[in-house]
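Asks: got a sequence here, can you build the structure:
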Amino acid sequence: MQSVLLSVVAFIIAIGVLVTIHEFGHYWVARKMGVKVLRFSIGFGKPLWKKVAGADQTEYVLAAIPLGGYVKMLDEREGDVNSAELDRAFNRKSVWARIAIVLAGPVANLILAVLLYWLIFIVGITGIAPIVGEPLAETPAALAGFKSEDKIVRINGKSTPTWNTVYVGLLDGIVSGDRNIDVTVNTADGSVETRQLGLAKELLNQEGDVIGSIGLSRWWPDVDPVIGGIVPGGAAEASGLKVGDRILTSDGVAVATWRDLVEIIRASAGKTLKLAVVRDNTEMAIELTPILRETPQGEIGFIGARETQSQSLIDEKLRTVERYSPVAALGKAFTRTIDMISVSVKMIGKLLTGQASLKNTVSGPISIAQFAGQSVSVGIDHYLSFIALVSISLGVFNLFPVPMLDGGHLLYYAWEVVTGRQVSERVQLFGQQIGLAMLGTLMIFVFYHDILRLLPGL
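Replies: Numbering: from 1, shown residues only. Below you'll find the model as predicted:
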């Protein structure tokens, strides 16, 4: 329950910030262009808070449904306008002024992303060094010659200090349609090698984790199969396991490392395992039945136990901080934002051409809320990075040429620039109906798949 509440609060805060910035972009440029703003609303529905202020008596509103917002401007198409204020009506402004006002919302989101990344890179964002584990046989990573403890340092020439940057680099290569990606690694013996990672053309249409299917996984230290902690109420506690117990065998099969134990447990949901355990120098038998747990990767066994030996090794070898001087951080912030815009645009292109699965690449409010909760639980740096990423997605999505979105209005204005004539109100009304149907269908689709992810048994 606590994690659900955290996700909801983190989601509402993130959406509130992003919507406020987006609408402020429209509001600020509208004011600069001489348009009278009647209302600035964050959220929809019943107002929870309202204030009228300024020479134009603009109404500032905080509404009950925090999933959007709007800026209402003086416009002859939406009501009578006093003749003395006609020059302040949105529809009376030049096409270039209207383009600037509409474009300002998405641009504000992209500027926010740059500023957030800049702050993150100055303060420093913690991450996991991209050291790979032994790839699964016959996967692209194995065929490319990756070995355990290879450290990825560059992808297609771009530096990759953390696993997050590796994911971005791989995803960029995938959505760019590259059949081969150059990955430079520092090997365990200290040499530098560049491996060519071959990719299947239909990779984005595969079910499940696209990056994981390549065969690259995080290296994790092999430690002894000793219980370091037990979750109250779990299968481990019910079996009688104690902190400090060392697992020798499971059903007669030797357990040499904690990884061996994890693999056995994950493959044994609902099955009773006969363990040989050493406790206080005395060997004893314990029966353990892992419970079934649903994960995005499928059903696994789970016992509610953890090891603690690897923590010092992780801190020493895996944990890293990406931090730069203010000037260098600004350059990195621009680069990261441009990279994410590029990936987003290319992904949209793949979706439109049927080369990517919509359900694997589009997340709805429930999934986004889960990501928000997970990021804030890791740290404020990761939460700010999450907000920056969603801000980019929101900016790019709003530029998509669909009626009801900013991009749809820009499409109308582009027609006006080319022909010298405004798109008729009849065509705009029809476009709004089409756009509303498209967005409604998309929302139903993402909600449905969010629920399937949450309740995969349905």
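Asks: wait, is residue 194 part of a strand?
Replies: Yes - if the criterion is DSSP: H, G, I helix; E, B strand; the rest coil, then residue 194 is within a strand.
Asks: look up the residues forming beta bridges with it.
Replies: On the basis of DSSP bridges, residue 194 is bridged to residue 184.
Asks: so residue 245 makes contact with residue 279?
Replies: Yes - counting by CB atoms under 8 Å, residue 245 touches residue 279, with 5.1 Å between them. Every C-beta, even on glycine, is put in place using the N, C-alpha and C of the backbone.
Asks: neighbour count: these two, which is higher?
Replies: Comparing residue 245 with residue 279 by neighbour count (other CB atoms under 10 Å), the higher total belongs to residue 245, at 22 against 16.
Asks: now do the contacts for that one.
Replies: By CB atoms under 8 Å, 6 or more residues apart in numbering, the contact set of residue 245 is 226, 227, 277, 278, 279, 286.
Asks: want to throw those into JSON lines with secondary structure, distance to residue 411 and pLDDT?
Replies: Formatted as JSON lines, the contacts of residue 245 follow (DSSP: H, G, I helix; E, B strand; the rest coil; distance: CB to CB, whole Å; pLDDT from 0 to 100):
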{"residue": "226", "secondary structure": "strand", "distance to residue 411": "63", "pLDDT": "91"}
{"residue": "227", "secondary structure": "coil", "distance to residue 411": "61", "pLDDT": "92"}
{"residue": "277", "secondary structure": "strand", "distance to residue 411": "68", "pLDDT": "94"}
{"residue": "278", "secondary structure": "strand", "distance to residue 411": "71", "pLDDT": "94"}
{"residue": "279", "secondary structure": "strand", "distance to residue 411": "71", "pLDDT": "93"}
{"residue": "286", "secondary structure": "strand", "distance to residue 411": "67", "pLDDT": "93"}
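Asks: just give me the closest of the residues you listed to residue 9.
Replies: Checking the contacts of residue 245 against residue 9 by CB to CB gives residue 227 as the nearest, at 34.0 Å.
Asks: count of residues packed around that closest one?
Replies: 22.
Asks: so for it, what's the nearest residue that isn't a sequence neighbour?
Replies: Nearest residue to residue 227 in three dimensions, chain neighbours excluded: residue 245, at 4.6 Å (CB to CB, 6 or more residues apart in numbering).
Asks: could you measure residue 324 against residue 166, distance?
Replies: Using CB to CB, to the nearest Å, residue 324 is found at 18 Å from residue 166.
Asks: the more surrounded of these two?
Replies: Higher neighbour count among residue 324 and residue 166: residue 166, with 24 against 16, using other CB under 10 Å.
Asks: for that one, pull up the helix or strand it's in.
Replies: Per DSSP states H and E, residue 166 falls inside helix 163-175.
Asks: count of neighbours near the nearest residue to residue 121 once chain neighbours are set aside?
Replies: Spatial nearest neighbour of residue 121, chain neighbours left out: residue 329 (3.7 Å); criterion: CB to CB, 6+ apart. Neighbour count for residue 329, taken as other CB under 10 Å: 20.
Asks: quick one: residues contacting residue 329.
Replies: Neighbours of residue 329 in contact, by CB under 8 Å, 6+ apart: 117, 118, 121, 122, 323.
Asks: out of those residues, grab the one that's most surrounded.
Replies: Most neighbours among the contacts of residue 329, by other CB under 10 Å: residue 117, with 26 neighbours.
Asks: does that residue touch residue 339 like I think?
Replies: No - using CB under 8 Å, residue 117 is not in contact with residue 339, being 10.4 Å away.
Asks: pull out the buried residues from the helix or strand containing residue 121.
Replies: Following DSSP H and E, one finds residue 121 within helix 95-123. Neighbour counts over helix 95-123 (16 or more other CB atoms under 10 Å) mark 97-122 as buried.
Asks: cool, and stretch 397-410?
Replies: By 16+ other CB under 10 Å, the buried positions in stretch 397-410 come out as 397-400, 402-410.
Asks: do the same with stretch 169-180
Replies: Neighbour-count burial for stretch 169-180, counted by 16+ other CB under 10 Å, picks out 169, 170, 171, 172, 173, 174, 175.
Asks: what's the most distant pair in those residues?
Replies: Pairwise over the buried residues of stretch 169-180, using CB to CB, the maximum falls at 169 and 175, 11.4 Å.
Asks: still on that earlier bit, reformat the buried residues of stretch 169-180 as JSON lines; add pLDDT.
Replies: Formatted as JSON lines, those follow (pLDDT from 0 to 100):
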{"residue": "169", "pLDDT": "87"}
{"residue": "170", "pLDDT": "86"}
{"residue": "171", "pLDDT": "83"}
{"residue": "172", "pLDDT": "84"}
{"residue": "173", "pLDDT": "82"}
{"residue": "174", "pLDDT": "80"}
{"residue": "175", "pLDDT": "81"}
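Asks: below-threshold pLDDT in the stretch 251-400 of the chain: ranges please.
Replies: In the predicted model, the stretch 251-400 of the chain carries pLDDT under 70 at residues 295-298, 311-313, 315, 354-364.
Asks: quick one: the strands in it, in order.
Replies: 253-254, 273-279, 282-288, 291-295, 298-302, 305-306, 319-322 (DSSP state E, counting those that start in this stretch).
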